[in-house]
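Asks: Here is my input, please return the structure:
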Amino acid sequence: MYQKDSGDKKYFRVLNILNRLNEGPVRIADLSAEFGVSERSIQRDIERINLTGFHLDTQQKGLYAFSSGVSLKNFNLTSEQLSVLVLMSEMAGGLGGAIKDAFDKVFARATASGAGDSHFYTVGARVLNPLTRKFYEDIVFAIENAKKLKVRYAATSGVREKTLCPVKILASENFFYMMAAGDAAKADQFRKYRVDRIKRLEILPEEFTPPPRELIKKILGAATTIWGVGDGKKRKVTLRAEGPAADFLQSKEILPGQKVSKPAADGSVTVKAVIHHDMEVVPLVLHWMPEITIIEPLELRAAVKKSIDAYLKK
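Replies: Residues are numbered from 1 along each chain as shown. Take a look at the predicted model:
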């Protein structure tokens, strides 16, 4: 018998169901009894599998099987890789639009051929930090049910116990972040917590009032990096880019809502944007210097120069 308190998370259950589907049809009632969860929970697992791209057929009510031609043997993926695809599919589906379409194409490529057979290859980090998935299911449950969380969090200033009201999971640069309000903070004041820095997590019985969706949408705004997610002060920035940096900024939106001027006679462009945090700009400048320059604000330009000078003195 599969025990509720075994510590296994939802995506492990999904993997178990995937493997069973590879052997033949599965019945929701049987899985519900074995896993000790509701039939609706199993139905959600089935929906999650189907939406990921492992297409299923309903042979009769409550009975599911892989569609003709679908088999795990065709995918050449490990169980860990399958779990990441299931998790990412759920996230991509929630975002919808171009993100969902892009994930569908990624899934098709990942399951159709190896890196050597594809015209595309991703250079750099490609694997989500395993720690970021450790508390994923508990955080999702807390968000869906407006439950407070008690966490032991390892911040740069030290390890602290916090009671948080989670409202969103964010993904950026191979890390998951939990967007949450502090228990004693105002309802519209949120911070971001890297999930892999959570050392312990407990779902509390206390509930909180979720913020309006429009507020969350406003806070997320047009952020292009995790630094841009916030409801703090905004500041206007103006950059001048030339050479390869100018080409790069004309071809890709790096700053939120950036506006790029027409190229001047020397090929340089002016880029204007509104940011929430200096770190939305600083890495870009450091990466492309000396072909990119901060024109405004002057204090940000001075701060970057001070950092470079300090580094060169070491």
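Asks: residues in contact with stretch 146-161?
Replies: With contact meaning CB atoms under 8 Å, 6 or more residues apart in numbering, stretch 146-161 is reached by 138-139, 141-142, 162-166, 180, 183, 193, 197-210. From N, CA and C alone the C-beta is placed, and that goes for glycine too.
Asks: and what of stretch 242-261?
Replies: With contacts defined as CB under 8 Å, 6+ apart, stretch 242-261 is touched by 221-224, 228, 237, 239, 241, 263, 266-275, 280-281, 284, 288, 291-292.
Asks: Now, the contacts of stretch 146-161 that are in strands?
Replies: Mapping those onto strands (DSSP state E) picks out 162-166, 180, 193, 198-207.
Asks: ChimeraX command for the buried members of those?
Replies: ChimeraX command restricting the ones in strands among the contacts of stretch 146-161 to the buried ones, with burial defined by 16 or more other CB atoms under 10 Å:
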select :162,163,164,165,166,180,193,198,201
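Asks: Next, the buried residues of the helix or strand where Phe176 lies.
Replies: Using DSSP states H and E, Phe176 sits within strand 175-182. Neighbour-count burial for strand 175-182, counted by 16+ other CB under 10 Å, picks out Phe175, Phe176, Tyr177, Met178, Met179, Ala180, Ala181.
Asks: ok, now stretch 140-151?
Replies: Neighbour-count burial for stretch 140-151 [16+ other CB under 10 Å]: Val140, Ala142, Ile143, Lys147, Lys148, Leu149, Val151.
Asks: do the same with stretch 206-213
Replies: By neighbour count with 16+ other CB under 10 Å, stretch 206-213 contains the buried residues Phe208, Pro210, Pro211.
Asks: ditto for stretch 241-261
Replies: Result for stretch 241-261 [16+ other CB under 10 Å]: buried residues Ala241, Glu242, Ala245, Ala246, Phe248, Leu249, Ile254, Leu255, Pro256, Gln258, Val260.
Asks: excluding its backbone neighbours, what's nearest the fourth one?
Replies: By that I understand Ala246. Val269 (4.7 Å; CB to CB, 6 or more residues apart in numbering).
Asks: Any regions of the chain where pLDDT drops low?
Replies: 1-12, 51-54, 59, 68-134, 173-174, 184-188, 222, 230-232 (pLDDT under 70).
Asks: how about a cut-off of 50?
Replies: Applying pLDDT under 50 to the chain flags residues 1-8, 113-128, 131.
Asks: thought Pro210 was touching Val167?
Replies: Yes. With contact defined as CB atoms under 8 Å, Pro210 reaches Val167; the gap is 6.5 Å.
Asks: which residues in the stretch 151-300 of the chain form helices?
Replies: Along the stretch 151-300 of the chain, counting by DSSP state H, counting those that start in this stretch, helices occupy 213-220, 243-251, 282-288, 298-313.
Asks: Determine which of the ones you listed approaches Glu47 most closely.
Replies: Proximity to Glu47, assessed across these by CB to CB, is greatest for helix 213-220 (22.2 Å).
Asks: show me where the chain has strands.
Replies: Using DSSP E, strands in the chain cover 26-27, 56-60, 63-66, 147-155, 158-172, 175-182, 191-194, 198-207, 235-241, 259-260, 269-275, 292-296.
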